[in-house]
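K.L.:
Sequence below, structure please.
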Amino acid sequence: MSTTTASKIVARTAAWLISSALVAAAPALPAMSAEDAGGVRMMLKVQIPAQGGNTAIEAGDQAQIFETLMERIKPEAAYFTQEDGLRTAYFVYVVHDTAEFAAVHEPLIQGFGALVYDLPALTWDELKAGFGDIGEKP
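P.N.:
Residues are numbered from 1 along each chain as shown. Modelled structure (predicted):
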């Protein structure tokens, strides 16, 4: 086996282990309401095209991009899967200022060529609390 092939295998294995560790740690992260945190809870969906993901893995950048993201957003939960044939990750986190979006999204777009979606995420209790505003009883 060539050194290059061995390096790629090690890099892919390390990336997989880091991803697995993040998923395993997610339930242990303290859950807080967005209101308690003074912001809005968001669900960030990141879809990574094969070529962008492969390039990041080969360059050894994948783990650092995700570690930096995790440090920046401090998610309540993080999940890694595949969807529509793409590497996909979901993060639930709290946004305090919309100016944060560029700092969260750009490293993913530039590092992976990722498709990035950020949507407000409500708990059932938060959704029920809003029913009164539209005249519906929970």
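
K.L.:
and the nearest residue to Gln82 once chain neighbours are set aside, how many neighbours?
P.N.:
Distances taken as C-beta to C-beta, 6 or more residues apart in numbering put Thr88 closest to Gln82, at 5.8 Å, once the chain neighbours are dropped. The way it works is simple: take the backbone N, C-alpha and C, and place the C-beta from them, glycine included. Neighbourhood size, Thr88 [other C-beta atoms under 10 Å]: 17.

K.L.:
Please tell me how far Thr88 sits from Val40.
P.N.:
Using C-beta to C-beta, to the nearest Å, Thr88 is found at 22 Å from Val40.

K.L.:
on that earlier part again, so the residue nearest to Gln82 lies in a helix, does it not?
P.N.:
No. Read with DSSP: H, G, I helix; E, B strand; the rest coil, Thr88 is strand and lies in no helix.

K.L.:
any idea how far Gly132 is from it?
P.N.:
Applying C-beta to C-beta, the value for Thr88 to Gly132 is 35 Å.

K.L.:
now Pro49
P.N.:
43 Å.

K.L.:
which residues in this structure form helices?
P.N.:
3-25, 34-37, 50-59, 62-73, 100-112, 124-131 (DSSP state H).

K.L.:
shaky segments in this protein?
P.N.:
Scanning the chain for pLDDT under 70 picks out the ranges 1-37, 136-138.

K.L.:
pretty sure Ala50 contacts Phe112?
P.N.:
No. With contact defined as C-beta atoms under 8 Å, Ala50 does not reach Phe112; the gap is 10.3 Å.

K.L.:
More neighbours: those two, which one.
P.N.:
Taking neighbours as other C-beta under 10 Å, Ala50 and Phe112 compare with Phe112 leading, 26 against 11.

K.L.:
related to what we said a few turns ago, which strand residues bridge the residue nearest to Gln82?
P.N.:
In this entry, Thr88 is beta-bridged to Gln47, Thr81, by DSSP bridges.

K.L.:
can you pull the contacts of Arg41?
P.N.:
Applying C-beta atoms under 8 Å, 6 or more residues apart in numbering, we find Arg41 in contact with Ser33, Ala34, Glu76, Val92, Tyr93, Val94, Val95, Pro120, Ala121, Leu122, Thr123.
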